[in-house]
Structure formats: structure tokens, C-alpha cells
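Student: Quick one: sequence and predicted model below, then my questions.
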Amino acid sequence: MDTVEPTHQPNHLNQAVTSNLNEIHRIVYAGFIPRFFAYIIDLIVIWSINSIITRPLLRVTNLSEAKLWIELLSAANITQSIVFFLYFVLMTFYFRATLGKMTLGLSVESLKGKHLTKGQIIYREFVGRYISMAVLGLPYLVVIFTKKHQGIHDLFADTSVIKDRMKKLNREIESTLE
């Protein structure tokens, strides 16, 4: 009796995934527009925190007009910057997403492994964001042109923002390609 071996289906699937990887990345990873709207939501949250807590606290302590030589080093600017960076670092550390990303169903994922490391979070949310903000936010536009829609801050930390509903598909694709 001769038995016919079935064609190897996973190999065909692997080839299909590999040949269409750029298109799959465009579906799985969050592009510029959703990330931009998530960032706007985050800026509103940060503005609210500063309006409700930081500015009144500075007025009560008579530090609202305090500055070191120049306006850039004022107590208000320093505390608002601390709130800005702490918001992004702590939200990403504890939830893998800020409130803006959560609202739009997005989260930050490591491209190195399964879990975000503290180093990745610090590089992404502090160092990378600082550099992007120092150049008037223009490096954020890099998201439009990279395969996995990574900004400069993502490239520093080897991370990207993924659509939550695509996490399972992304894990299956990654395991198929391994």
C-alpha cells in the first residue's frame, strides 16, 4: 500500500506570511493617526493634572513665579515637565499603555521579547521622548515611514505600539517565523 503524504501546510503558510510581512505589519502595528490621537488625549490628561494639582500647589507654596535665571528653568516648567515624563513612564510601566492608548485600544510592546524591561521603558518614555520633543516633535513623523510604525523613541528602545485586537495574531506570526 502506498500512502500519499499530505502537502506540508505550515510551510506554505510560512511562505505566505513571509512574503506579505510588510502588509501584515501595517495591519498589526498602530500607525501615525491613532498614535497621534492617543497623544492628544494624553496631553489633555497631563494638562488636567497640571491644572488641578501642580499649578495650585505652586501658587500655595509661592513658587509659581520662581525661576533659575531663565523662564525655561522656572518652577512651573520643571514641575510640569516632571509630570509629563512621570505620566508616560509610570503608565507604560504599570499598564503598557497611557490613557490615550487605552482609549484607542493600543499598547506598547517589546520587539526583543515578551515583556517590556525597565530599561526599554526609560529609553522610550524619557530619553527618546526628550529627544523627540527637543526637535519640535518632528521625529514623531518617523512613525509614518517605518515598517512597524516605530517612532524615534521606539527605535531607541526596540518597541512599537500594537493594536490590542491584533496581539494574538502578532504572537502567532512571530512564532510561525521562529
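Tutor: Cool, the structure landed. Numbers count the residues shown, from 1 in each chain.

Student: And L86, how close does it get to T79?
Tutor: L86 is 10 Å from T79, where distance means C-beta to C-beta, to the nearest Å. To be clear about C-beta, it is placed using only N, CA and C from the backbone, and glycine gets the same treatment.

Student: the more surrounded of those two?
Tutor: Using other C-beta atoms under 10 Å as the criterion, L86 and T79 rank with T79 on top: 18 against 14.

Student: pretty sure the more buried one contacts T54?
Tutor: Yes - counting by C-beta atoms under 8 Å, T79 does reach T54; the two are 5.1 Å apart.

Student: quick one: the helices in this structure?
Tutor: Along the chain, counting by DSSP state H, helices occupy 9-19, 21-28, 32-49, 55-60, 75-95, 99-103, 118-122, 129-134, 142-145, 152-157, 167-177.

Student: got a markdown table for these, with mean pLDDT and distance to A66 too?
Tutor: Converted to a markdown table, the helices of the chain look like this (pLDDT from 0 to 100; distance: least, C-beta to C-beta, whole Å):
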| stretch | mean pLDDT | distance to A66 |
| --- | --- | --- |
| helix 9-19 | 65 | 58 |
| helix 21-28 | 75 | 48 |
| helix 32-49 | 97 | 20 |
| helix 55-60 | 91 | 8 |
| helix 75-95 | 95 | 4 |
| helix 99-103 | 98 | 30 |
| helix 118-122 | 95 | 28 |
| helix 129-134 | 88 | 23 |
| helix 142-145 | 93 | 37 |
| helix 152-157 | 92 | 31 |
| helix 167-177 | 73 | 46 |
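
Student: Minimum distance to K67: which of the ones you listed has it?
Tutor: helix 75-95 (6.8 Å; C-beta to C-beta).

Student: what about that closest one, distance to the chain center?
Tutor: Remark: helix 75-95 is offset 14 Å from the chain centroid, using C-alpha atoms, centre = their mean, to the nearest Å.
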